[in-house]
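J.: below: sequence and its predicted model.
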Amino acid sequence: MKQLFSKVLSPTDIEHRLAVPSEILWAFEFDQAHRSADFEVKDEARQKWQFRCSTRKKDFHPKPVISKGWRRFVKDKGLQVGDKVVLYKDVEGDSSYKIKTMKKVFKLFGEEVWLES
């Protein structure tokens, strides 16, 4: 599994959609007409989630976001501002995706310690 990105969640990520780095767009098979890609993700409990990654239609900078299915995931997982998500893709096997959620527990010698939630 290749880590695509890791992100500490902001209020917008919790309340609306998850903004993701443009550098990961290669990891999705985009429908060019709709500028979006639907994909399935498995969490640590092997539960499947349906997400959509989309980009702006009229802007030079794509600013990708994960929207469809994201709010349900946030609610069902009890995610809050300050929690972390990590998205992975299997680049050598079946091209599947995996997502981890984490909560910050404390700092130790200046390093944040996270536990999977």
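T.: In hand now; what should we look at? Numbering: from 1, shown residues only.
J.: what helix or strand is the residue nearest to residue 1 when sequence neighbours are not counted on?
T.: Closest residue to residue 1 apart from its sequence neighbours, by C-beta to C-beta, 6 or more residues apart in numbering: residue 88 at 4.1 Å. For the C-beta atoms, the positions are set from N, CA and C on the backbone; glycine is no exception. For residue 88, the host element (DSSP states H and E) is strand 84-89.
J.: and the helix or strand residue 40 falls within, what other elements does it pack with?
T.: Residue 40 belongs to strand 36-42 when assigned by DSSP H and E. Helices and strands touching strand 36-42, by 3 or more C-beta pairs under 8 Å, 6 or more residues apart in numbering; DSSP states H and E, are strand 48-54, strand 97-108.
J.: let me know which of the ones you listed is tucked in deepest.
T.: Ranked by mean neighbour count, the helices and strands packed on strand 36-42 are led by strand 48-54 with a mean of 17 (mean count of other C-beta atoms under 10 Å).
J.: next, the buried residues of the strand holding residue 40.
T.: Within strand 36-42, the residues scored as buried using 16 or more other C-beta atoms under 10 Å are 36, 37, 39, 41.
J.: you'd agree residue 25 is in a helix?
T.: Yes. Assigned with DSSP: H, G, I helix; E, B strand; the rest coil, residue 25 falls within a helix.
J.: cool, thanks, signing off.
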